[in-house]
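# next one to model:
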Amino acid sequence: MKLNVVIAFAATFLMVGIVEAQVGTTVTKTGPNGKTLTLKMDGKYSTCIRDSQRLGYSPESAKRYCDARPNLTR
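Reported below is the predicted structural model:
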């Protein structure tokens, strides 16, 4: 079950790395529970954590995802 969540999480944010390179870009994403949000990609770690949790991911999976993104500023 946890592996499925991680895979879904990774698939949802597959293209975020490309978009994050453009500061101020907004993107619409859908979380695991079907919730859709328009997010501003500013390249900040704190924003990554907040938006991931707002989409419906657990704090642990949001942290794992954001920790794996080396281009985020802290």
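# chain neighbours aside, what residue packs nearest to Gly56?
Among residues not flanking Gly56 along the chain, Gly31 sits closest, at 3.7 Å (Cβ to Cβ, 6 or more residues apart in numbering). The C-beta positions use only the backbone N, C-alpha and C, and glycine is treated the same way.
# residues contacting that neighbour?
Contacts of Gly31 were listed using Cβ atoms under 8 Å, 6 or more residues apart in numbering, and they are Thr12, Leu37, Arg54, Leu55, Gly56, Tyr57.
# for the protein, what spans make up the helices?
2-12, 16-20, 45-55, 59-67 (DSSP state H).
# select from these the stretch with the lowest mean pLDDT.
Here the lowest mean pLDDT among these goes to helix 16-20, at a mean of 51.
# and Thr38, how many residues sit next to it?
By the criterion of other Cβ atoms under 10 Å, Thr38 has 8 neighbours.
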